[in-house]
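# Have a look at this prediction, sequence included:
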Amino acid sequence: MEKEDFNFKPIQPPVELIGKLTAKARQLRKDVLVMLAKAGSGHTGGSLSAVDILTALYYYVLRHRPDEPDWPERDRFVLSKGHAAPALYAVLADCGYFPREHLETLRRLGSPLQGHPCLCTTGVEICTGSLGHGLSLANGMALGLRIDRKDSRVYALLGDGECEEGEVWEAAMSSAHFKLSRLTAIVDKNRLQIDGATSEVMNIDPLDEKFRSFGWQALVVDGHDFKQLLSAFRFAAQERRCPTAIIANTVKGKGVSFMENNLEFHGRAPTEAELKWALAELGK
Amino acid sequence: MGSGGTGQVERFSLRSAYGEALLELGRRRKNVVVLDADLALSTKTVRFRKSFPSRFFDMGIAEADMIDTAVGLATTGKLVFVSTFAMFAVGKPWEQIRNSAAYSGVTLNIVATHSGISVGEDGSSHQCIEDIALMRIIPGTTVIAPADDVATYALVMKLAEHKGLSYMRLTRPNLPRIYPEGESFEIGKAKVLKKGTQATIVATGSLVWPSLQATDILAEEGISIGVIDMHTVKPLDSKPVIEAAERTGFIVTAEEHTVIGGLGEAVASLLAEHHPTRIKRIGIQNRFGESGSCDELMDLFGFTPEAIAREIKEAL
Ligand SMILES: Cc1ncc(C[n+]2csc(CCOP(=O)(O)OP(=O)(O)O)c2C)c(N)n1
Ligand SMILES: [Mg+2]
């Protein structure tokens, strides 16, 4: 695992803000679990590991207007690891992009909430689900916004296993080549994929050095520590020459003891009983 | 899958049959090598991995790299099987398949699972309904879609003797068994399951069983329909199709795949050239799949015995 080196100056976000985000993330984790249990299938581990990153983005970092999803000045977010759709849906519903009741229809026939992100969901910028596409898609958005002289920023969230896809590195080359300094890639580095530990299936380390050698600024943070996440996003926003990669060290299944670091919950929803235990653990 | 009137049929896993066959091939032949892209548990190549760890490579989530690596292995005399979900097995690395594998003329077997809309809840990004078309259009390829686990096992064993680039598509859900255990199959030789007088269904993969059921429903109304299991979509076994066209004058094709470029078009081209015949193509009509349960989706797309029977009756 990369060491969390503060090679950038941490900001001191107000204590209330951290408290607010922490409470929000706890609620979102519950929404994710309830939604998945109701659906009876879906990706639990990778949704939970991404909740804090999404919370930091949608409740502090991103400029967006849930009541005006097509607002031209908005920042863009691409969920490259599309299987974490439940986490995104929980956030979008909570922000008010669509009614909360939709969450109960996840993965059902006719639902606006498809198994993987799709444009039929308000607030989703682009279809994803096949791994490896998101960073290229984000590059295209960043290039287009730059042509239009907009200062909107673009964020893409990738899985660490996903970084095994060659396209990720083709895109990484382009982002740096085109000096897309308004682009930030976040890697949800939970150290697991499906067939096992990423270090054993296909080692991607050291990720921070890889991005740096491709011409990026790379920051390594604890992906469940809001102070570090907000600092990294702030630092990225100040960079004018190159794109920034935030390597977020996370725990797959974060927040529920029996799901944490448990491969089994990569692609499985909790049962009713497991949901009950999980909700009890997350508490109020 | 299937609703009403079909009762509770026992279903068997095609993926497990593939896993079994790989294991047997691994035992028999030292040059069998298997590659997967982080889906070994789902594709069932995991069993080969456990028994022959030195001849199994998990390539990570890197399908394009996997195909070209497989081609490299094939050039050293290895009999390579490559597996992942259909979308990522042929959709993502199509150009690698076309230029490195097919054009080089190596022998390589791509066995993909999770084809079609029966994938279910994962939704359209994971429901490959174009794989038959994508693999058919490449020169010299063999394209196979077994209808049950028995056919899967037998045809995988046959692939081990088969030259060139071959593609086999398997479904995620288990399917009812059509063939007795030990039934033998020849690649490129269709199975005429039933002869009829009024129409013949040429079906492949998961739609063979519902097609058979549909003919039972129609038989009760005195309508006589034949069924051919076209497990090898390419090269297409033309003889039984032309015979059926001559005998019944009406051919229905059935596939869990887009009608554009799939079995339906293969049969239509054949008949247009050799024996112009009325055709109805059952399949996915110029649209994407979506999330839902397998049963609901099979129903939505008209792949139940009842829906197939209805279509045929209306067309007659
Ligand atoms: C191109 C492609 N290949 C395979 C898959 C199947 N798949 C879904 S999730 C996953 C593992 C992802 O691992 P990682 O990126 O580390 O995600 P996380 O651990 O955050 O869930 C795989 C192989 C896919 N969705 N897309
Ligand atoms: Mg991971």
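Good, I have the coordinates. Ligands and ions are numbered 1, 2, ... in the order given.
# Burial check on the residue in the stretch 201-316 of chain B that ligand 1 sits nearest to, number of neighbours?
Closest approach of the stretch 201-316 of chain B to ligand 1 (Cβ to the nearest ligand atom) occurs at B:Ser291, with a separation of 14.4 Å. Just so you know, the C-beta spots here come from the backbone N, C-alpha and C atoms, and that holds for glycine as well. The number of residues packed near B:Ser291 is 30, by other Cβ atoms under 10 Å in any protein chain shown.
# next one: B:Arg11
Residues lying near B:Arg11 (other Cβ under 10 Å) number 15.
# quick one, phi psi at it?
With angles defined as degrees, to the nearest 10, B:Arg11 sits at phi -120, psi 150.
# How about A:Cys95?
When read as degrees, to the nearest 10, the backbone of A:Cys95 gives phi -70, psi -20.
# just B:Leu108 next, same as before
Backbone geometry at B:Leu108, expressed as degrees, to the nearest 10, gives phi -150, psi 140.
# what about stretch B:63-73, distance to the chain center?
Put simply, stretch B:63-73 sits 22 Å off its chain's centre (Cα atoms, centre = their mean, to the nearest Å).
# now swap in stretch A:41-54 and tell me
8 Å.
# That stretch vs ligand 2: in contact?
No: judged by Cβ under 5 Å from the ion, stretch A:41-54 makes no contact with ligand 2; its nearest approach is 6.2 Å.
# re earlier: make sure the residue of the stretch 201-316 of chain B closest to ligand 1 is actually in contact with A:Pro117.
No: judged on Cβ atoms under 8 Å, B:Ser291 makes no contact with A:Pro117 at a distance of 11.4 Å.
# Now for the residue of the stretch 201-316 of chain B closest to ligand 1: which residues touch it?
Counting by Cβ atoms under 8 Å, 6 or more residues apart in numbering or on different chains, B:Ser291 touches A:Arg107, A:Arg108, A:Leu109, A:Ser111, A:Leu113, A:Gln114, A:Gly115, B:Gly120, B:Glu121, B:Asp122, B:Gly123, B:Ser124.
# now, which of these sits nearest ligand 1?
When those are compared against ligand 1 (criterion: Cβ to the nearest ligand atom), the nearest one is B:Asp122, at 8.4 Å.
# Hmm, that closest one is touching A:Gly115, no?
Yes: applying Cβ under 8 Å as the test, B:Asp122 and A:Gly115 come out as touching, 4.2 Å apart.
# which residues of the chain score low on pLDDT?
Since no chain was named, I'll use chain A. Where chain A drops to pLDDT under 70, the residues are A:1-8, A:284.
# nope, chain B
Within chain B, the ranges that satisfy pLDDT under 70 run B:1-7.
# If you count residues, where's the longest helix of it?
In chain B, taking DSSP state H as the definition, the longest helix is helix B:14-28.
# Three-state assignment for residue 280, please.
Looking at chain A here, since you left the chain open. Put simply, A:Ala280 is helix when judged by DSSP: H, G, I helix; E, B strand; the rest coil.
# not what I meant, chain B
strand.
# residues near it, how many?
That count, for B:Lys280 with other Cβ under 10 Å as the rule, works out to 18.
# try A:Asn262
16.
# With B:Arg177 instead?
For B:Arg177, the neighbour count with other Cβ under 10 Å is 18.
# Check whether it really touches B:Pro146, as I assumed.
No: assessed by Cβ under 8 Å, B:Arg177 is found out of contact with B:Pro146, at 11.4 Å.
# got the CA coordinates for stretch A:140-158 in CSV?
Output of stretch A:140-158 as CSV, limited to C-alpha atoms (Å, rounded to 0.1, in the frame of the first residue of the first chain):
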residue,chain,number,x,y,z
GLY,A,140,-13.2,14.1,-23.5
MET,A,141,-15.4,16.1,-21.1
ALA,A,142,-12.4,18.1,-19.9
LEU,A,143,-11.2,18.9,-23.4
GLY,A,144,-14.7,19.9,-24.4
LEU,A,145,-15.2,22.2,-21.4
ARG,A,146,-11.8,23.8,-22.1
ILE,A,147,-12.8,24.5,-25.7
ASP,A,148,-15.9,26.2,-24.3
ARG,A,149,-13.7,28.2,-21.9
LYS,A,150,-15.5,26.8,-18.9
ASP,A,151,-13.8,26.4,-15.6
SER,A,152,-15.8,23.4,-14.6
ARG,A,153,-13.7,20.6,-13.2
VAL,A,154,-14.0,16.9,-14.1
TYR,A,155,-13.7,14.0,-11.6
ALA,A,156,-13.5,10.3,-12.4
LEU,A,157,-13.6,7.5,-9.8
LEU,A,158,-11.7,4.3,-10.7
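# Just the element for whichever residue of the stretch 201-316 of chain B sits closest to ligand 2, please.
Closest to ligand 2 within the stretch 201-316 of chain B is B:Ser291: 22.8 Å, counting by Cβ to the ion. Per DSSP states H and E, B:Ser291 falls between elements, in no helix or strand.
# Can you find which helix in chain A contains the most residues?
Longest helix in chain A, counting residues (DSSP H): helix A:15-39.
# Show me what counts as buried in that one.
By 16 or more other Cβ atoms under 10 Å in any protein chain shown, the buried positions in helix A:15-39 come out as A:21, A:24-25, A:28-39.
# And the next helix or strand past it?
helix A:45-56.
# Helix A:15-39 and that following helix, what's the angle between them?
Computed by axes from the mean of the first three to the mean of the last three Cα atoms, to 10 degrees, the angle separating helix A:45-56 from helix A:15-39 equals 150 degrees.
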